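# sequence first, then the predicted structure:
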Amino acid sequence: MKQSAKKLLLCGLMMLLLVSMMSCPVSANYQYVPAGWTTPVSGYWTDEQGGRDTYSALRYYRQRGDSLEQAYNELYEAGLAHNEQTLAQMKVLIDAQEAERKGWQAEIRKAKAPGFGFFAGGGVTPSGQIEFVAGVGLVWKIW
């Protein structure tokens, strides 16, 4: 069977399915019954099959609504739990970052503070000669 014939057959079947779904008759036959005619109150009445169909549809939509509401509530609770978990993780990260920052700042202060130590280098005498100089004293880190 050729490809175009298969596509045409599939299209025809889909159209038949569409038409068959659109032409479903309504089974309920409602009629208005005035008060005092055969009932003590006025209203709309139907035959037994129409009532069963209506009750079945109402029951289906009630169950569907209840199940959708239950699914929504479960998703809402899961969202709240996820939110609390994320906030707890963020707090842990923020606390760790603060601790790291405090440690880093303490190391910077310690590195920049003057210390007692040895120094060595070249020195120029009053006569203009360069001599090696070594000593002990306060030292600062410049770079």
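Happy to help now that I have it.
# now the one residue sitting closest to the centre of the chain: how far from T86?
Geometric centre of the chain, nearest residue: G79, 7.5 Å, by C-alpha atoms, centre = their mean. Here G79 is placed at a distance of 10 Å from T86 (C-beta to C-beta, to the nearest Å). (Glycine included, C-beta is placed from N, CA and C.)
# who's in contact with the nearest residue to V124 once chain neighbours are set aside?
Leaving out its chain neighbours, the residue that sits closest to V124 by C-beta to C-beta, 6 or more residues apart in numbering is I130, at 5.7 Å. If you count contacts by C-beta atoms under 8 Å, 6 or more residues apart in numbering, I130 has them with 122-124.
# show me those that map onto strands.
Of the contacts of I130, the ones assigned to strands by DSSP state E are 122-124.
# tabulate those residues (TSV), appending neighbour count and pLDDT.
Listed next are the ones in strands among the contacts of I130 as TSV, based on neighbours: other C-beta atoms under 10 Å; pLDDT from 0 to 100:
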residue	neighbour count	pLDDT
G122	8	88
G123	12	86
V124	10	87
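# hey, where'd the helices end up in the chain?
3-22, 48-112 (DSSP state H).
# among the ones you listed, which is nearest V33?
helix 48-112 (13.5 Å; C-beta to C-beta).
# distance from the chain centre to that closest one, please.
Distance of helix 48-112 from its chain centroid, counting by C-alpha atoms, centre = their mean, to the nearest Å, is 8 Å.
# packing partners of the helix or strand of the chain with the lowest mean pLDDT?
Sorted by mean pLDDT, DSSP states H and E, the helices and strands of the chain end with strand 30-33, the least confident at a mean of 71. Strand 30-33 sits against strand 43-46, with contacts defined as 3 or more C-beta pairs under 8 Å, 6 or more residues apart in numbering; DSSP states H and E.
# which secondary structure elements does the strand it packs on sit against?
strand 30-33.
# and the strand it packs on, how far out from the chain middle?
51 Å.
# would you give the sheet partners of it, along with the direction of each?
Here strand 30-33 has these sheet partners by DSSP bridges: strand 43-46 (antiparallel).
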